[in-house]
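Asks: below are the sequence and a predicted model for it; my questions follow.
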Amino acid sequence: MDRFSVFSSRLVTKSENFTSGHRACQGCAEALAVRHVMKALGRDTIVAMSTGCMEIISSPLPLTAWKVPWIHNAFENSSAVISGCESGMKAMMRKGRIPQKKINFVAMGGDGATADIGIGPLSGALERGHDMVYICYDNEAYMNTGIQRSSSTPYGASTTTSPAGKVSIGQHTQKKNMPQIAVAHDIPYVATACPSFPFDLIEKVKRAAEMPGGAYVHILSVCPTGWRIQPEDAIKYGRLAIDSCVFPLYEVINGKYRISYTPYKKLTVAEYLKGQGRFRHLTDKDIEKIQAKVDSDYLKILKRCEEDA
């Protein structure tokens, strides 16, 4: 499938609801992801955001990079807060206190806030069936506080709390599969995305907001600082992750799987890992193990897509 074929005739707005002038690191793909997400959602949106990189860089008192109602939450409770907003606003609409209109209720968090600290409130919000979108910006560690490992850190990565050494490979557990955990909640929409494929990302966020009920979008957000790469290479490494099938792009609509992008030429995991300082200690044997896991996981996704075609 052509990488841009998922982009419909709907034009990308030129308006910016997440503005420039924030304090993100150079080359931050997470800030770019937020910008694309807010283009997709538009002004009729309420955002609850967990503590993390994007909260810190976007709201230095007394300034803000947000042009929509935006609530800063503790690490764990953006899902709970936005589900309360959704319930409260809909109650006021029913009582005629505010006009009936479509509002996008969106919770945002990094991989730590999503896969670790906030997974309980997220699960509860999805189980209750709130009409909301949860967006995870996955840079694969707690980057804001010093590059500590999270349960979304990939196997073999070296972080400040899972350092590689003579007796340690670094992160010794496998990355938690949050999209599949979201699918297990039987919600209407789950998708993976990456700002290296912006039109795919924008279309998926639009679809998530339009679907009634809960939706979950998991966005790979390359972090040059934590991944130990050059700032200008952030988009390249997002493409490498997807073209090597380390991070496949797919969506699950009402339980049915669909691959949204198939690489023209599937790259090896070694091509993706090369140049990332967090993986420089890996041996050929280590990389072979990672390749086998990537191949197995990707085949599972393809099988589900073929079954649902």
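Replies: Structure's in. What do you need?

Asks: contacts only, for M211.
Replies: 188-189, 253 (Cβ atoms under 8 Å, 6 or more residues apart in numbering). All C-beta atoms are positioned from the backbone trio N, CA, C, and that covers glycine.

Asks: can you tell me how far the most centrally placed residue in the chain is from G129?
Replies: What sits nearest the mean C-alpha location of the chain, by Cα atoms, centre = their mean, is I219, with 2.3 Å. Distance of I219 to G129, computed by Cβ to Cβ, to the nearest Å: 23 Å.

Asks: what does Y137 give?
Replies: The value you get for Y137 to G129, if Cβ to Cβ is used, is 24 Å.

Asks: neighbour count for those two, which is higher?
Replies: Y137 (28 against 15; other Cβ atoms under 10 Å).

Asks: for whatever helix or strand the more buried one lives in, packing partners?
Replies: Secondary structure assignment for Y137, by DSSP states H and E: strand 133-138. In terms of contacts (3 or more Cβ pairs under 8 Å, 6 or more residues apart in numbering; DSSP states H and E), strand 133-138 is packed against helix 29-41, strand 104-110, helix 111, helix 119-128, helix 178-183, helix 198-210, strand 215-220.

Asks: so which of the ones you listed comes closest to T159?
Replies: When the helices and strands packed on strand 133-138 are compared by Cβ to Cβ, helix 111 sits nearest T159, at 12.1 Å.

Asks: hey, where'd the strands end up in the protein?
Replies: For the chain, the strands defined by DSSP state E cover 45-50, 70-73, 104-110, 133-138, 189-193, 215-220, 250-253, 256-259.

Asks: direction included, what does the fourth one pair up with?
Replies: Its sheet considered, strand 133-138 pairs with strand 104-110 (parallel), strand 215-220 (parallel) by DSSP bridges.

Asks: export it as PDB, just CAs?
Replies: Extracted C-alpha coordinates of strand 133-138, given in PDB (Å, rounded to 0.1, in the frame of the first residue of the first chain):
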ATOM      1  CA  VAL A 133      -9.900   9.700  22.800                       C
ATOM      2  CA  TYR A 134      -6.800   8.700  24.700                       C
ATOM      3  CA  ILE A 135      -3.500   9.500  23.000                       C
ATOM      4  CA  CYS A 136      -0.200   8.000  24.100                       C
ATOM      5  CA  TYR A 137       3.000   9.800  23.000                       C
ATOM      6  CA  ASP A 138       5.500   6.900  23.300                       C
END
